[in-house]
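K.L.:
Give me coordinates for this.
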Amino acid sequence: MGIKDFFICFFIGTAAVLPAAVFAREVSADDSLVLIYQSRPDLQKAFDRETGLAIAGTNAGFLLDLEDWAIQYGWIEHPELKSYGPEEGDGIPVRIKKEEIESAIQAQAYLVMDRSTGKILTVKNENKVWPIASLTKLMTASVVLDHDVSMNKTASVLHADNVGGARLYVNDGDEFTVQDLFYATLVGSANNAANALARTTGLSRADFIQEMNTYAQELNLVHTHYVDPTGIELGNISTAREMARVAQMAFAQKDLQTFTTTATKYISDLSQGTTKKMTNTNWMLWKPEYDDLYVTGGKTGYLIESGWNLVVSLRPMEGDPDKELLIVLFGADSRADSFVNANRLADWAWETHEWQKVQ
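P.N.:
Have a look, this model is predicted:
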């Protein structure tokens, strides 16, 4: 999977190394980003010399690593970092109005990102560590896809897969295709389907969870940790900023785009010869009040302790595709509030920014 490919480059004259971040770009030892880092004391104070990761308590703010700085700001300040910025013809969001949005949003944390450029448009408590609940399933699905498990393979759902929360109501050992387990996991958010899906890789539970955490580490996510494939455990944690990087990775995969944007799906219980209706937990896909939005990816999550979490990518139904946003929202008071707040954040972004084409 290309997005997991990482490189290392050596700082000139030192033994320190800088691992790549989420957008894997091959570079040589004289990479411009490394040279700029060496020449700027402000960057050296904000990003660790050996890892390139943001240093807590510095002016790194919402930035995750040195490459994140290059994507957000560096390409504007340094022409030699042009490759980190938008391509010719892309739209760049430019703030044109000063209206704030924070007072209208009831949530513990949120982030709004422009999908095509990665530019952060607004944040609240973006580095607050939070139980992510079923948002965990995006990483579960990504790990399974990375193992190239055939969608036509059949797998059983066991009583042992039941861990509480949403689930498929089936008999012990009922068989489904892997594809239908993906739908049950990402459309219906069934926890037993997620456990069964993880098992299709042939990995032990411990090894599967380790791969989830290794994946997070390769994405330079220092606050993201997984303890089970479903999200039912409080130990599945992240931040809004880091969850945005997970979502960018997940929604860049065509299969996950398809699964997470399916409003309704009938899956087949092959053992019983019956079908089960899966309705997407993301209301923005099918409730009429969101008909003016085109959703390109999404996942919901809920625990009593986390409140209602949501990650969604969307753009205006009839608008410029360049205006596609990625929104992460943690801790809304209700399921409905999570979607209302995401819609408000999107409308605010579109009303207060103008997407100017790169010439």
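K.L.:
make it CA atoms for all contacts and neighbour counts henceforth
P.N.:
OK.
K.L.:
okay, now the nearest residue to residue 97 once chain neighbours are set aside: neighbour count?
P.N.:
If the residues on either side of it in the chain are set aside, residue 97 comes closest to residue 352, at 4.6 Å by Cα to Cα, 6 or more residues apart in numbering. Neighbours of residue 352 under the rule other Cα atoms under 10 Å: 16.
K.L.:
And residue 206, by the same measure?
P.N.:
11.
K.L.:
Backbone dihedrals for it, please?
P.N.:
Main-chain torsions, residue 206, degrees, to the nearest 10: phi -60, psi -40.
K.L.:
Roughly how far does it sit from residue 193?
P.N.:
17 Å (Cα to Cα, to the nearest Å).
K.L.:
quick one: secondary structure of residue 268?
P.N.:
strand (DSSP: H, G, I helix; E, B strand; the rest coil).
K.L.:
Sorry, wrong one. I was asking about residue 118.
P.N.:
Looking at residue 118 with three-state DSSP, the answer is coil.
K.L.:
Quick check, pLDDT for it.
P.N.:
Note for residue 118: predicted pLDDT of 93.
K.L.:
Same check on residue 22?
P.N.:
pLDDT, residue 22: 31.
K.L.:
repeat for residue 209
P.N.:
98.
K.L.:
name the element it belongs to?
P.N.:
helix 205-218 (DSSP states H and E).
K.L.:
which secondary structure elements does that helix contact?
P.N.:
helix 136-146, helix 191-199 (3 or more Cα pairs under 8 Å, 6 or more residues apart in numbering; DSSP states H and E).
K.L.:
Tabulate the ones you listed in CSV, adding columns for distance to residue 245 and mean neighbour count.
P.N.:
As requested, the helices and strands packed on helix 205-218 are arranged in CSV below (distance: least, Cα to Cα, whole Å; neighbours: other Cα atoms under 10 Å):
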stretch, distance to residue 245, mean neighbour count
helix 136-146, 11, 22
helix 191-199, 21, 26
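K.L.:
Please convert these to CSV, extending it with mean pLDDT.
P.N.:
Below are those laid out as CSV (pLDDT from 0 to 100):
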stretch, mean pLDDT
helix 136-146, 98
helix 191-199, 98
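K.L.:
Please name whichever of these is nearest to residue 345.
P.N.:
helix 136-146 (22.2 Å; Cα to Cα).
K.L.:
Quick test: name the residue nearest the centre of this structure.
P.N.:
Central residue of the chain (Cα atoms, centre = their mean): residue 247, 1.4 Å from the mean position.
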